[in-house]
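[1] here's my sequence, what's the structure:
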Amino acid sequence: MLKLQVQLDAGVIKVSDLWGGVGATGETVIGPAPPPGRTIAIEAGQLAYIARLYDVNWRPVSGVERTSVVRAGRPLTRDEMSDPVRRALGDAGAPASATVEFSNFTPILVPPSSFPLLSIEAIAYDQAAERFSADIVASCEGMQPQRMRVAGRVLQMVTAVVATHRLQPTDVIGLPDVRVAQVAERRLAGPVLADVAQALGQAPKRTIVSGQALMAADIGPPVMVAKGDTVVVVLETSSMSMAVQGLALDAGGRDDIVQVMNPLSRAVVAARVTGPGRTVVAPGSAPLVAPPGLKPRNSQVAN
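    Numbering: from 1, shown residues only. Got it, this is the predicted structure:
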């Protein structure tokens, strides 16, 4: 009985792979299997020749019979293919902490349960341009060596604290929010945090997306005064303490200096944030210029 669809794991095709019920002849090897992940079609004429050659009692009836032989395969991962390239680049003068980024990644297919030997040939490394090219050759039992030409960029990596999920300016950063990872240095706009402890208890100054490295300029104390909030403004001297309400024109965390406007006079002062909704004005501080276009509600209390 001819098999119309054959799934192979081995590196050879046997008689029993094509026909059922062939007895001891079934273990006879006909030829090599297709490469992993590939399919070949054996047409009626070739099937008839194989049957005669190995004494299989089968003849084509319609002349259009065919068998599809599929070889199972698994794709090598980026890590499996990049690790030997990175080691070879180290021997060629690339930094030991560098990693590689493929510009034309296509995984090599190998037998599912195999662990092929990967070797690097014809490697070229341009240190000034931080680019490379090389041949990756994969070899294992039951498979003809597979060769692939790859190219890409060499990236210098640094240790950085990155967000595990989207962080908003209102969030206070805790342990589940950040982790340490290796990040390409050329993709960073400035100094980054290298220790998770530096981020704990702080808050983002802007939205940070998942996987983004935290730069020192991106975080600060949690916001205790939001822009537009009504806050308490305290003026203290050695002889008195006075508190009034004001309108925060900036957002800020503890010890940040924010601008606060007197809602009656429209005078603006610089105040230091001391707690949630509370600010302090230093004795002797002069009012800043009022926002353009605003006039005092009461000219008698302009200051």
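
[2] three-state assignment of the residue nearest to Asp126 when sequence neighbours are not counted?
    Spatially, and ignoring its direct neighbours in sequence, Asp126 is nearest to Phe132 (7.2 Å; Cβ to Cβ, 6 or more residues apart in numbering). Bear in mind the C-beta positions are built from the backbone N, C-alpha and C, glycine included. Using DSSP: H, G, I helix; E, B strand; the rest coil, the structure places Phe132 in strand.

[3] contacts only, for the spatially most central residue of the chain.
    With distances taken as Cα atoms, centre = their mean, Gly211 lies nearest the centre of the chain, 6.5 Å away. Shown in contact with Gly211 (Cβ atoms under 8 Å, 6 or more residues apart in numbering): Val162, Ala163, Ala181.

[4] go with 6 Å
    The contact partners of Gly211, by Cβ atoms under 6 Å, 6 or more residues apart in numbering, come to Val162.

[5] swap in the one 10 residues further on?
    If a contact means Cβ under 6 Å, 6+ apart, then Pro221 has Gly253, Arg254 as its contacts.

[6] hang on, Met224 in a strand?
    Yes - Met224 forms part of a strand when assessed by three-state DSSP.

[7] what's the burial count for it?
    Neighbour count of Met224, defined by other Cβ atoms under 10 Å: 22.

[8] apart from its neighbours in sequence, what residue is nearest it?
    Closest to Met224 by Cβ to Cβ, 6+ apart is Pro276, at 4.7 Å.

[9] residues near the one you found, how many?
    Neighbours of Pro276 (other Cβ under 10 Å): 13.

[10] Arg131 too?
    Residues contacting Arg131 under the criterion other Cβ under 10 Å number 15.

[11] quick check: beta-bridge partners of it?
    Asp126, Arg153 (DSSP bridges).

[12] and if you look at the one 5 residues further on?
    With DSSP bridges as the criterion, Ile136 is bridged to Ile120, Met148.

[13] and Phe102, by the same measure?
    Here Phe102, judged by DSSP bridges, has bridge partners Gly152.

[14] pretty sure it sits against Gly152.
    Yes - in this structure, Phe102 is within contact of Gly152 by Cβ atoms under 6 Å, at 4.3 Å.

[15] looking at those two, which one has more neighbours?
    Using other Cβ under 10 Å as the criterion, Phe102 and Gly152 rank with Gly152 on top: 18 against 15.

[16] ok, now which ones touch the more buried one?
    Val100, Glu101, Phe102, Ser103.

[17] swap in 10 Å and give it another go.
    82, 85, 100-105, 130-134 (Cβ atoms under 10 Å, 6 or more residues apart in numbering).

[18] do Gly220 as well
    So Gly220 contacts Pro169, Gln202, Ala203, Pro204, Lys205, Gly252, Gly253, Arg254, Asp255, Asp256 (Cβ under 10 Å, 6+ apart).

[19] neighbours around the fourth one, how many?
    Using other Cβ under 10 Å, the number of residues around Pro204 comes to 24.

[20] so how far is Ala282 from it?
    Distance, Pro204 to Ala282, by Cβ to Cβ, to the nearest Å: 29 Å.

[21] what comes into contact with the one helix or strand in the chain whose mean pLDDT sits lowest?
    Scoring the helices and strands of the chain by mean pLDDT, DSSP states H and E places strand 252-253 at the bottom, with a mean of 82. Strand 252-253 is contacted from outside by 202-203, 205, 219-227, 231, 258-259, 271-273, 279, using Cβ under 10 Å, 6+ apart.

[22] make it 8 Å
    Outside strand 252-253, the residues within contact range by Cβ under 8 Å, 6+ apart are Ala203, Gly220, Pro221, Pro222, Val223, Met224, Val225, Val258, Val273.

[23] what's the answer for stretch 50-63, then?
    By Cβ under 8 Å, 6+ apart, stretch 50-63 touches 2, 15, 18-19, 22, 25, 28, 30, 42, 44-45, 47-48.

[24] neighbour-wise, which one of these leads?
    Leu18 (24 neighbours).

[25] if I read this right, Ala98 contacts Met157, doesn't it?
    Yes - the pair Ala98 / Met157 is scored as a contact, 6.6 Å apart, by Cβ atoms under 8 Å.

[26] the more surrounded of these two?
    More crowded of Ala98 and Met157, by other Cβ under 10 Å: Ala98, with 18 against 15.
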